[in-house]
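> Quick one: sequence plus predicted model below, questions after.
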There are 2 protein chains.
Amino acid sequence: MDSADPKSPQRRRTSGRASVTIRDVARHAGVSVATVSRALRGSDLVHPATRERVDAAIEELRFTPSQLGRSLAERRHAANGIVFPDLSGPYYAEVVLGYEEVAATLGRSVLILSTHNRESADEMVLDLAGRVDGLAVFGRTVHDDVVAEIVQRGVPVVLMARTEIEGADSVRTENVVAAASVVDHLVTHGHRRITFLGDPVDSTDVAERWAGFRGALAQAGADVPEQAIPAGFKEDDGARVAADLVAGGLPDVVVCANDELALGLTVALAEQGIDVPGDVAVTGWDDVMAARYAGLTTVRQPMREMGARAARLLDARISGDRSEPRHDVLTTQLVVRRSCGPHP
Amino acid sequence: MDSADPKSPQRRRTSGRASVTIRDVARHAGVSVATVSRALRGSDLVHPATRERVDAAIEELRFTPSQLGRSLAERRHAANGIVFPDLSGPYYAEVVLGYEEVAATLGRSVLILSTHNRESADEMVLDLAGRVDGLAVFGRTVHDDVVAEIVQRGVPVVLMARTEIEGADSVRTENVVAAASVVDHLVTHGHRRITFLGDPVDSTDVAERWAGFRGALAQAGADVPEQAIPAGFKEDDGARVAADLVAGGLPDVVVCANDELALGLTVALAEQGIDVPGDVAVTGWDDVMAARYAGLTTVRQPMREMGARAARLLDARISGDRSEPRHDVLTTQLVVRRSCGPHP
DNA sequence: CCGGTTTATGTAACCGGTACCAAAGGAGCG
DNA sequence: CGCTCCTTTGGTACCGGTTACATAAACCGG
């Protein structure tokens, strides 16, 4: 009778993987798909005896509900995205860690995207935005209009270490005050000629640090340099400027936009016979692990907390608990080590 | 006439986000959904003029195809997963980086999961497996039977730094030869009493390093310790054993299972007035960034390459280019710095 | 024993795409 | 001019779940 029934669906045999569906389970347990679905979701509208039969069928057929089908029906992805310029370096891993941990606790998967410097970055981010319920974007990885586009699509966005954008949340760290505390510390210890290494155009963070740096120098009555020494974010970038720095006459201190720059610079200086902090002091920013071992004076940032905060901000927006954008600022902390010279 | 039609779908107004669908576009362009779909996918079966109308409609309605609908229909996620015990530490970030980079190039998103030590880890991994086309699992994050279950479901799996499992690919680094080269170097420089810090039970990598370590010592005719000094993978774990080590009489060298252990130990020893390498030599494993600045002798592992390799192995399995499991072993390299003592 | 609830289950219409198959229209050819 | 053949297009049945609504069964007090 089964094979005679013309309505019997001609079991399209998908080559390879069998994939058992909720309908298979329903048939096997002698109930309807609705009941199976209810049993799956733990609804209390299912008779215990029925539930048992369903569970047995699920077990027997080794059924696993398709996340895709579920997401489509529920109209939610149960996933968040996070976008970075580049995952390398000790900095970002911590942020991702904090983000992932919170997101996982909230029952959301995490999709990660590193844009490197691909020109297709915008496209990739837009694609990612279509796969998630919310998106965290770090720094200047994507153009403002792309972010705006995503926001307009209705996907909650939180920006990390980046200037605010209409409609998006943001989390960043305190930079101006931190820069001032670095400068104050240096000035107090008698340093006067202080330069800044890093490109303010590259990132909001660096721009703020540079601004804070200048402000504090002015306040302290020290020389305020006209401009920063432009550089990227890697050890190589720091190493590259060492020669110029020596040639141009060493300042008392080089305040670097991040630890990797500072570390790369220090090593390159050492290779030229310049001692840190003997001949020139150096400070960094971030307090990555290597900074501890290199004895680098730096500014500690709560990177993990930044990721965690971003995840929580997103969650609130996604679940509709909040509709007004929020902008959080995390405090930072000066960590003094030997690279800025001996304490009088 | 439109409102009179009883079949007119009562435009279920989903509260909030509007979400325009392919049917809206079709109606707006005066074509069928099939045509829109074809236009979207760049099929050459669409008349240029028609395509133009469709494109205009897409533009006007700001339509973005739903990844969910698409994935469901295509029966693929266009996403890969990667599972870690813990993302912290400088080690994993590099692996993820390599993995993400390749996956992105292959047009797949990356879902990341850190199990920490949650008891729900197995469940979380199984859930993740349902959201991806392939899964990379690092170390002993999940039980063997969970991995087997995922493999059996038909999801390609590649294991990183972990013993092989039936049906899954694997990538790992050379440990035995590397351990031998560490030992040889130490013995050549006159060290005899060499101990091993790290718990072989914790990870396949450590087990192999410990085995290679013992084998090489035996080969060299040096003392072969009965057992390793158990420890985790963090700086704290290294620091914790410092006191015992001093109390028990210092060996010539402590070979550590990873850099963080070695670095933590070194600092803790210094606090007790013990100099490295003056009083005791120390070596690590991984060659993380901090190791360079701390002058730690260690074994460099191609972590980024491991991630990249894993992504490529998965891709081959997913796209059906290969059905037989493959097991790759990456070579490592001894990096000698000052922590293992002066070179005669 | 009966009408009114309450509980348990089934039916079918979604979610938003893809792709198979049929059909319409036009071109080329005998 | 009629008849293939090819190019475009439309209709619709999927993919695998969820859930509103209808219905049937069980329960309950009067």
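Yes, it's here.
> Averaged pLDDT, stretch A:164-183. What do you get?
Stretch A:164-183 shows a mean pLDDT of 96.
> Any buried residues in it, and which?
A:165, A:168-175, A:177-183 (16 or more other C-beta atoms under 10 Å in any protein chain shown). All C-beta atoms are positioned from the backbone trio N, CA, C, and that covers glycine.
> Farthest pair within those?
Greatest spatial distance among these (C-beta to C-beta): A:168 and A:183, at 31.4 Å.
> Look up how far residue A:106 lies from the closest residue to DNA strand D within the stretch 201-344 of chain A.
Minimum separation of the stretch 201-344 of chain A from DNA strand D (C-beta to the nearest atom of the strand) falls at residue A:319, amounting to 14.7 Å. The gap separating residue A:319 from residue A:106 is 9 Å, by C-beta to C-beta, to the nearest Å.
> Okay, helices next: where are they in the stretch 151-300 of chain A?
For the stretch 151-300 of chain A, the helices defined by DSSP state H, counting those that start in this stretch occupy A:176-188, A:204-220, A:235-247, A:259-271, A:289-294.
> Distance to residue B:21 for these - can I get that in a markdown table?
Compiled in a markdown table, these are given as follows (distance: least, C-beta to C-beta, whole Å):
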| stretch | distance to residue B:21 |
| --- | --- |
| helix A:176-188 | 47 |
| helix A:204-220 | 37 |
| helix A:235-247 | 47 |
| helix A:259-271 | 47 |
| helix A:289-294 | 49 |
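> one step back: what about residue A:319 and residue A:106, which has more around it?
Shown here are residue A:319 and residue A:106; by other C-beta atoms under 10 Å in any protein chain shown, residue A:106 has more neighbours (15 against 12).
> Tell me where the model's unsure across chain A.
For chain A, the stretches with pLDDT under 70 are A:1-18, A:343-344.
> Give me the neighbour count for the residue of the stretch 1-150 of chain A found nearest chain B.
Among all residues of the stretch 1-150 of chain A, residue A:93 sits closest to chain B, at 3.5 Å; criterion: C-beta to the nearest C-beta. The local packing of residue A:93 (other C-beta under 10 Å) involves 26 other residues.
> who touches it in this structure?
Taking C-beta atoms under 8 Å, 6 or more residues apart in numbering or on different chains, we find residue A:93 in contact with A:87, B:87-90, B:92-93, B:96.
> got TSV for these, with distance to residue A:306 and secondary structure too?
TSV is the format used below for the contacts of residue A:93 (distance: C-beta to C-beta, whole Å; DSSP: H, G, I helix; E, B strand; the rest coil):
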residue	distance to residue A:306	secondary structure
A:87	15	coil
B:87	14	coil
B:88	14	coil
B:89	18	coil
B:90	18	helix
B:92	18	helix
B:93	16	helix
B:96	18	helix
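> Any of the residues you listed buried? List them.
By neighbour count, with 16+ other C-beta under 10 Å, those hold A:87, B:87-90, B:92-93, B:96 as buried.
> re earlier: could you dump the contacts of residue A:93 into CSV with distance to residue A:189 added?
Formatted as CSV, the contacts of residue A:93 follow (distance: C-beta to C-beta, whole Å):
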residue, distance to residue A:189
A:87, 36
B:87, 37
B:88, 34
B:89, 34
B:90, 31
B:92, 38
B:93, 35
B:96, 40
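> Of those, which ones also sit close to DNA strand D?
Near DNA strand D, judged by C-beta under 7 Å from any atom of the strand, there are no entries from the contacts of residue A:93.
> ok, and what's touching the host helix or strand of residue A:148?
Secondary structure from DSSP states H and E places residue A:148 in helix A:144-152. Residues from elsewhere that reach helix A:144-152 (C-beta under 8 Å, 6+ apart): A:122, A:125-126, A:129, A:135, A:137, A:157, A:159, A:165-168, B:62.
> Now do it: distance to the chain's middle.
Offset of helix A:144-152 from its chain centre (C-alpha atoms, centre = their mean, to the nearest Å): 18 Å.
> Check which residues of it are buried.
Within helix A:144-152, judged by 16+ other C-beta under 10 Å, the buried ones are A:146-147, A:149-151.
> out of the residues you listed, who's near DNA strand C?
Residues of these in contact with DNA strand C (C-beta under 7 Å from any atom of the strand): none.
> Run through who's touching stretch A:188-199.
With C-beta under 8 Å, 6+ apart as the criterion, stretch A:188-199 contacts A:183, A:186-187, A:206, A:209-210, A:213, A:217, A:222-223, A:225, A:228-233, A:238, A:241, A:251-258, A:261-262, A:265, A:281, A:340-341, A:343-344.
> wait, what's in contact with the closest residue to residue A:277 other than its chain neighbours?
Counting by C-beta to C-beta, 6 or more residues apart in numbering or on different chains, residue A:277 lies nearest to residue A:341, which is 4.1 Å off, once chain neighbours are set aside. Taking C-beta under 8 Å, 6+ apart, we find residue A:341 in contact with A:189, A:191, A:277, A:281.
> Can you spell out which residues form a bridge with the closest residue in space to residue A:186 that isn't next to it in sequence?
Spatial nearest neighbour of residue A:186, chain neighbours left out: residue A:253 (5.3 Å); criterion: C-beta to C-beta, 6+ apart. As for beta bridges, residue A:253 partners with residue A:194, residue A:281 under DSSP bridges.
> and residue A:253, how many neighbours?
Other residues lying near residue A:253 total 27 when counted by other C-beta under 10 Å.
> Enumerate every residue touching it.
Residue A:253 neighbours (C-beta under 8 Å, 6+ apart): A:186, A:191, A:193-195, A:280-283, A:340.
> out of those residues, which is most surrounded?
Each of the contacts of residue A:253 was scored for neighbours by other C-beta under 10 Å, and residue A:283 scores highest at 28 neighbours.
> Skipping adjacent residues, who's closest to that residue in space?
residue A:297 (4.6 Å).
> quick one: that neighbour from residue A:275, how far?
From residue A:297 across to residue A:275, the span is 15 Å (C-beta to C-beta).
> More neighbours: these two, which one.
Counted by other C-beta under 10 Å, residue A:297 and residue A:275 do not tie: residue A:297 has more neighbours, with 25 against 10.
> ok, how many other residues are close to the closest residue to residue A:259 other than its chain neighbours?
Spatial nearest neighbour of residue A:259, chain neighbours left out: residue A:284 (3.7 Å); criterion: C-beta to C-beta, 6+ apart. Neighbour count for residue A:284, taken as other C-beta under 10 Å: 32.
> circling back: now which of the contacts of stretch A:188-199 would you call buried?
Those of those that meet the buried threshold are A:183, A:186-187, A:206, A:209-210, A:213, A:217, A:222, A:225, A:228-229, A:231-233, A:238, A:241, A:251-258, A:261-262, A:265, A:281, A:340-341, by 16+ other C-beta under 10 Å.
> sorry, back to before: identify, from the buried ones among the contacts of residue A:93, the entry nearest to residue B:313.
Ranked by distance to residue B:313 (C-beta to C-beta), the buried ones among the contacts of residue A:93 are led by residue B:96 at 15.8 Å.
> For that closest one, list the residues it contacts.
Contacts of residue B:96 were listed using C-beta under 8 Å, 6+ apart, and they are A:87, A:93, A:96, A:112, B:82, B:84, B:87, B:110, B:112, B:307.
> Looking at these, which is nearest DNA strand C?
The shortest gap between DNA strand C and any of those belongs to residue B:110, at 21.4 Å (C-beta to the nearest atom of the strand).
> Would you verify that the closest one is located in a strand?
Yes. Using DSSP: H, G, I helix; E, B strand; the rest coil, the assignment for residue B:110 is a strand.
> Run a quick check on it versus residue A:113, I expect a contact.
Yes. Contact criterion C-beta atoms under 8 Å: residue B:110 and residue A:113 qualify, at 7.4 Å.
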